[in-house]
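Undergrad: Quick one, structure for this:
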Amino acid sequence: MNTIASRDKPNPRTLILTIGLCFLVALMEGLDLQAPGIAARGMADAFGLDQMSMGWVFSMGILGLLPGAFLGGWLADRIGRKRVLMASVALFGVFSLVTAHAWDYSSLLVARFLTGVGLGAALPNLIALTAEVAGPRLRGISISLMYCGVPLGAALAAGIGVVEFSTGWKMVFYVGGFVPLAIVPLLGLFLPESPHFTAQQSRPATQRIGVWEGLFRNGNASTTLLLWASYFFTLMVVYILINWLPSLLMAQGFSRSQASWIMFALQIGAAAGTLILGYLADRIAPWAIAALVYGGMLAALAALGLASSFTAMLAAGAVAGFFATGGQGVLYALAPPFYPVEVRATGVGSALSIGRFGAMSGPLVAGKMLALGAGTTGVMVAAAPGIVVAAVALFVLSARRGRIQGE
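TA: Model (predicted):
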């Protein structure tokens with residue numbers, strides 16, 4: 001199977017346009033992913049929801065990411081990355097607005113699920129488009145530049161939550177709805193379609209590779225399963241941090257304000273890690289970047305479990321964001337070269353879907369450990385084995401990537 005992307009130097013204007021427009025979408029993706037957490041208190045008061053009911057509001061958004069990521073990738077390999085991305089952005093924009101105007105609890109759950117479907121469908125297209133326009137030499141840094149919009153969007157959501165608007169909790173959903181809808185025509189006018197997809201469409205249908213063959217046959221099954229393992233356990237740790245870290249910090253005696261600052265440090269560290277690790281991924285050996293990412297994650301978990309002062313915890317939060325979220329950018333750059341154009345977005349989308357299962361299981365594991373009285377240190381220790389599994393999988397994949405690029 002030939003998974004080598006074209007080595008031609010990308011057109012600078014096309015690459016800048018693609019990264020810039022995809023960055024804007026990623027910015028809104030990050031904002032919409034963080035929006036329910038920012039609006040949680042006001043939303044609970046408006047609808048009279050208890051903690052269990054709010055848990056379902058959060059879960060429905062995550063649940064929508066699962067079919068969204070797979071279907072978004074599958075459709076992109078058939079009708080084009082650009083078309084599916086535009087539809088995805090329109091979908092999560094519309095249902096972010098519906099969230100702000102939900103008339104009862106049931107409509108709120110449906111709105112969050114469909115917002116999640118749109119968000120899930122957008123990401124594999126962002127990755128595939130950026131990877132295919134950038135080419136092998138600039139793939140890592142290009143995907144990182146695009147993906148750093150996600151933690152910056154989350155930080156923007158936090159900023160909106162701090163400011164007291166007359167619309168209250170709805171403001172973050174208005175921004176997360178109207179801005180994506182304004183981006184859609186920009187995508188239509190200026191975003192180029194992937195040249196790889198365009199070239200693939202000119203080939204006879206009989207010469208194209210099917211989804212099952214591309215993902216699981218001709219020696220591809222082990223690659224797909226290793227990618228799934230890396231995505232699953234990496235996102236498991238990331239979502240343990242996102243969902244439980246504020247509560248763990250306050251349980252350790254930090255104030256709500258201090259916990260917010262530590263989470264802000266985590267998001268800034270995430271943006272920096274996404275850029276720096278993406279830059280390094282194009283310049284150092286794949287095994288070295290794998291060792292750096294997962295060694296850094298283990299060190300960050302240890303620091304979060306052991307730090308006691310506010311200053312130390314700020315630093316630990318920044319390091320955790322740097323390696324955990326930054327490591328996702330490395331994973332996202334790693335996946336596309338393993339799949340031929342016909343199933344590339346499907347392959348990335350399937351890995352993202354499996355990763356979302358990790359995202360759902362991580363908070364459950366942390367909750368169970370806390371129920372057993374393990375405390376913050378116990379939660380961090382419980383996350384460590386998953387990091388080791390993800391690291392081993394990424395080491396093997398990194399060696400294969402080196403062989404692919406060296407052919």
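Undergrad: wait, doesn't residue 145 sit right on residue 277?
TA: No: counting by C-beta atoms under 8 Å, residue 145 stays clear of residue 277, with 11.9 Å between them. No exception for glycine: its C-beta is placed from N, CA and C like everyone else's.
Undergrad: how far is the lowest-mean-pLDDT helix or strand in the chain from where the chain is centred?
TA: None of the helices or strands of the chain scores lower by mean pLDDT, DSSP states H and E than helix 375-406, at a mean of 75. Between the centre of helix 375-406 and the centre of its chain there are 17 Å (C-alpha atoms, centre = their mean, to the nearest Å).
Undergrad: which residues of the chain fall in strands?
TA: Secondary structure of the chain (DSSP state E): no strands present.
Undergrad: domain ranges for it?
TA: 7-200, 211-407 (automatic domain parsing).
Undergrad: weakest of those in terms of mean pLDDT?
TA: Mean pLDDT per stretch puts domain 211-407 lowest among the domains of the chain, at a mean of 81.
Undergrad: By residue count, which helix of this protein is the longest?
TA: helix 105-147 (DSSP state H).
Undergrad: That one packs against which elements?
TA: helix 12-47, helix 51-79, helix 81-100, helix 195-201, helix 256-281, helix 310-334, helix 344-371 (3 or more C-beta pairs under 8 Å, 6 or more residues apart in numbering; DSSP states H and E).
Undergrad: These: which one's closest to residue 163?
TA: helix 12-47 (11.0 Å; C-beta to C-beta).
Undergrad: From residue 103, how far off is the residue nearest to residue 323 when sequence neighbours are not counted?
TA: Spatial nearest neighbour of residue 323, chain neighbours left out: residue 296 (3.4 Å); criterion: C-beta to C-beta, 6 or more residues apart in numbering. In this structure, residue 296 and residue 103 are 46 Å apart, going by C-beta to C-beta, to the nearest Å.
Undergrad: if you count what's nearby, which of those two comes out ahead?
TA: Higher neighbour count among residue 296 and residue 103: residue 296, with 20 against 9, using other C-beta atoms under 10 Å.
Undergrad: got a list of contacts for stretch 180-197?
TA: 5-6, 14, 17-18, 21-22, 24-25, 28, 32, 76-77, 80-82, 85-86, 89-90, 92-94, 96, 128-129, 132-133, 341, 344 (C-beta atoms under 8 Å, 6 or more residues apart in numbering).
Undergrad: What's the separation between residue 335 and residue 116?
TA: 21 Å.
Undergrad: for residue 77, that is, sorry about that
TA: Residue 77 is 21 Å from residue 116, by C-beta to C-beta.
Undergrad: try residue 242
TA: For residue 242, the distance to residue 116 - C-beta to C-beta - is 15 Å.
Undergrad: again, but for residue 217
TA: The value you get for residue 217 to residue 116, if C-beta to C-beta is used, is 31 Å.
Undergrad: same question, residue 338
TA: In terms of C-beta to C-beta, residue 338 sits 26 Å off from residue 116.
Undergrad: Of the two, which one has the most company?
TA: Using other C-beta under 10 Å as the criterion, residue 338 and residue 116 rank with residue 116 on top: 28 against 23.
Undergrad: so that one touches residue 64, yeah?
TA: Yes: with contact defined as C-beta under 8 Å, residue 116 and residue 64 form a contacting pair (2.3 Å).
Undergrad: Assess the claim that residue 362 and residue 238 are in contact.
TA: Yes: Residue 362 lies in contact with residue 238 (C-beta under 8 Å); the separation is 7.5 Å.
Undergrad: Please identify which of the two sits among more neighbours.
TA: Ranked by neighbour count (other C-beta under 10 Å), residue 362 and residue 238 place residue 362 first, with 27 against 23.
Undergrad: How about the contacts made by the residue nearest to residue 180 when sequence neighbours are not counted?
TA: Closest residue to residue 180 in three dimensions, ignoring its sequence neighbours and counting by C-beta to C-beta, 6+ apart: residue 93, at 3.3 Å. Residue 93 makes contacts with 28, 118, 176-181, 183-184, as judged by C-beta under 8 Å, 6+ apart.
Undergrad: For these, which ChimeraX command selects only the ones that are buried?
TA: The following ChimeraX line selects those of the contacts of residue 93 that are buried, judged by 16 or more other C-beta atoms under 10 Å:
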select :28,118,176,177,179,180,181,183,184
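Undergrad: For the contacts of residue 93, could you give me JSON lines that also reports distance to residue 326?
TA: Shown next, in JSON lines, are the contacts of residue 93 (distance: C-beta to C-beta, whole Å):
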{"residue": "28", "distance to residue 326": "20"}
{"residue": "118", "distance to residue 326": "25"}
{"residue": "176", "distance to residue 326": "24"}
{"residue": "177", "distance to residue 326": "29"}
{"residue": "178", "distance to residue 326": "30"}
{"residue": "179", "distance to residue 326": "25"}
{"residue": "180", "distance to residue 326": "25"}
{"residue": "181", "distance to residue 326": "30"}
{"residue": "183", "distance to residue 326": "25"}
{"residue": "184", "distance to residue 326": "29"}
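Undergrad: and the two most separated of the contacts of residue 93?
TA: Checking the contacts of residue 93 with C-beta to C-beta, the most distant pair is 118 and 178, at 14.6 Å.
Undergrad: Just name whatever secondary elements the least confident helix or strand of the chain is in contact with.
TA: helix 220-251, helix 286-306, helix 310-334, helix 344-371.
Undergrad: Is it possible to get JSON lines of those helices that adds distance to residue 383?
TA: Formatted as JSON lines, the helices and strands packed on helix 375-406 follow (distance: least, C-beta to C-beta, whole Å):
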{"stretch": "helix 220-251", "distance to residue 383": "5"}
{"stretch": "helix 286-306", "distance to residue 383": "6"}
{"stretch": "helix 310-334", "distance to residue 383": "10"}
{"stretch": "helix 344-371", "distance to residue 383": "8"}
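Undergrad: what about those helices, which gets the closest to residue 273?
TA: Per C-beta to C-beta, nearest to residue 273 of the helices and strands packed on helix 375-406: helix 310-334, 2.4 Å.
Undergrad: chain center to that closest one: distance?
TA: 13 Å.
Undergrad: Enumerate every residue touching residue 13.
TA: Residues in contact with residue 13 (C-beta under 8 Å, 6+ apart): none are found.
Undergrad: er, residue 374 I mean
TA: 381-382.
Undergrad: Please determine how far it is located from residue 253.
TA: Counting by C-beta to C-beta, the gap from residue 374 to residue 253 is 17 Å.
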